[in-house]
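**Q** sequence? don't have it. structure:
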């Protein structure tokens, strides 16, 4: 199937029944090479049917700029360059990321993007409040995708899906037209994601999307790629890759270049790879990666994995797995709301 941009999507049949090792070695699909050189590439976001750019704009870095006009210009430039997937979260920079994105999406930009945000609340009341606050900050009557943020504890699924939990607020917001799709995120352990999927299924829920770390070092250590990604593919869940450069740490390992990191993540069965862009040159890097991506050969994948294998063994460059540095709700447990 081709979209209006002339891109052919990977079908579910092309993924099901293929081992992840084969996917990684063989590349995503030769069909993607049909995209004209130099143009943004788009894929289908799981069973949602939505077309999203293979590079997404991360929300955590929007809000770091001293002048909010710089943030607005960065967001609008991303959209003008073909990026239509915008990531955000209720807690980023005390809400500044959402406020700035809301201002950037005025003047017709809102209609050009697939807008995603996340909430931390684990109980219904807290979650509902955060959903409404995100809507106000983003200056929109609906958010395309809302995700349960930071599934980094083994009891998070029970809190979310239990009586009076956050999922009740999500479903009510969806029925009211405030949000369209529901997913979850996490960066700590594949086991948290797998449990979230299991508990969700026990409550009759399959997420529309899952956001997870996918990069050249994750493949070697506590791997989301090996343990979680095949499960998402089987269920036709939209895959949102993040931490492709590991918060910048993977680049610091001096084993691989940023563009190679982005291409590796895009070579997996990801719908979109979220890139944190705090300045124009980093945005241009993400756009260039998306426009120049073509399916990688087995040899290219193997070369990247060989170069990163030793450095990746103990998770030294994946700080989000091995430390609490990236765990916002650990430092601010009040964001979770009422204790279980």
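**A** The structure has been received and is ready for your questions. Since the model is a prediction, treat every value here as computed from it, not as a measurement.

**Q** where exactly do the strands run in the stretch 151-300 of the chain?
**A** 179-185, 209-213, 238-242, 272-275 (DSSP state E, counting those that start in this stretch).

**Q** Who are the packing partners of the longest one?
**A** Same thing as strand 179-185. strand 143-148, helix 166-175, strand 209-213, strand 238-242 (3 or more CB pairs under 8 Å, 6 or more residues apart in numbering; DSSP states H and E). (Each C-beta comes from the backbone N, C-alpha and C, glycine too.)

**Q** can you give me the angle it makes with strand 143-148?
**A** Here the directions of strand 179-185 and strand 143-148 differ by 30 degrees (axes from the mean of the first three to the mean of the last three CA atoms, to 10 degrees).

**Q** ok, strand 179-185: who's next to it in the sheet?
**A** strand 143-148 (parallel), strand 209-213 (parallel) (DSSP bridges).

**Q** May I see the buried residues of the longest one?
**A** The one in question is strand 143-148. For strand 143-148, burial by neighbour count (16 or more other CB atoms under 10 Å) applies to 143-148.

**Q** could I get those as a markdown table with pLDDT and distance to residue 263?
**A** A markdown table is the format used below for those (pLDDT from 0 to 100; distance: CB to CB, whole Å):
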| residue | pLDDT | distance to residue 263 |
| --- | --- | --- |
| 143 | 98 | 30 |
| 144 | 98 | 26 |
| 145 | 98 | 25 |
| 146 | 98 | 29 |
| 147 | 98 | 25 |
| 148 | 98 | 29 |
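
**Q** biggest separation within the residues you listed, which pair?
**A** The largest separation in the buried residues of strand 143-148, counting by CB to CB, is between 144 and 148 at 15.6 Å.

**Q** Name the residues linked to the residue nearest to residue 148 when sequence neighbours are not counted by a beta bridge.
**A** Using CB to CB, 6 or more residues apart in numbering and skipping residues adjacent in sequence, the residue nearest residue 148 is residue 184, 4.1 Å away. For residue 184, the beta-bridge partners under DSSP bridges are residue 148, residue 210.

**Q** looking at the strands of the stretch 151-300 of the chain, which is buried most?
**A** By mean neighbour count, with neighbours taken as mean count of other CB atoms under 10 Å, strand 272-275 ranks first of the strands of the stretch 151-300 of the chain at a mean of 29.

**Q** Dump the helices and strands packed on strand 179-185 into JSON lines; add distance to residue 95 as well.
**A** As requested, the helices and strands packed on strand 179-185 are exported to JSON lines (distance: least, CB to CB, whole Å):
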{"stretch": "strand 143-148", "distance to residue 95": "14"}
{"stretch": "helix 166-175", "distance to residue 95": "18"}
{"stretch": "strand 209-213", "distance to residue 95": "20"}
{"stretch": "strand 238-242", "distance to residue 95": "20"}
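
**Q** Which among those is found nearest to residue 318?
**A** Closest to residue 318 of those is strand 209-213 (CB to CB; 7.1 Å).

**Q** what's the angle between that closest one and strand 238-242?
**A** Between strand 209-213 and strand 238-242, the angle comes out at 30 degrees (the same axes, to 10 degrees).

**Q** need the buried residues of strand 143-148 in JSON lines with distance to residue 163, can you?
**A** Listed next are the buried residues of strand 143-148 as JSON lines, based on distance: CB to CB, whole Å:
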{"residue": "143", "distance to residue 163": "25"}
{"residue": "144", "distance to residue 163": "28"}
{"residue": "145", "distance to residue 163": "25"}
{"residue": "146", "distance to residue 163": "21"}
{"residue": "147", "distance to residue 163": "21"}
{"residue": "148", "distance to residue 163": "16"}
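
**Q** for those, which one is nearest residue 161?
**A** Checking those one by one against residue 161 (CB to CB), the nearest turns out to be residue 148, at 9.7 Å.

**Q** which other residues reach the helix or strand hosting residue 101?
**A** Here residue 101, judged by DSSP states H and E, is contained in helix 96-104. Contact with helix 96-104 is made by 59-60, 62-63, 68, 71-72, 75-76, 86, 88-90, 92, 117, 134, 137-140, as judged by CB atoms under 8 Å, 6 or more residues apart in numbering.

**Q** at 7 Å what do you get?
**A** Helix 96-104 is contacted from outside by 59-60, 62-63, 68, 71-72, 75-76, 86, 88-90, 92, 117, 134, 137-139, using CB atoms under 7 Å, 6 or more residues apart in numbering.

**Q** that older thread, the strands of the stretch 151-300 of the chain: which one's closest to residue 228?
**A** Set against residue 228 and scored by CB to CB, those come closest in strand 209-213, at 5.8 Å.

**Q** Let me see the ranges of the strands in the stretch 1-150 of the chain.
**A** 42-44, 51-53, 55-57, 85-86, 114-119, 143-148.

**Q** and those strands as CSV, adding distance to residue 318?
**A** Below are the strands of the stretch 1-150 of the chain laid out as CSV (distance: least, CB to CB, whole Å):
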stretch, distance to residue 318
strand 42-44, 25
strand 51-53, 25
strand 55-57, 20
strand 85-86, 23
strand 114-119, 20
strand 143-148, 21
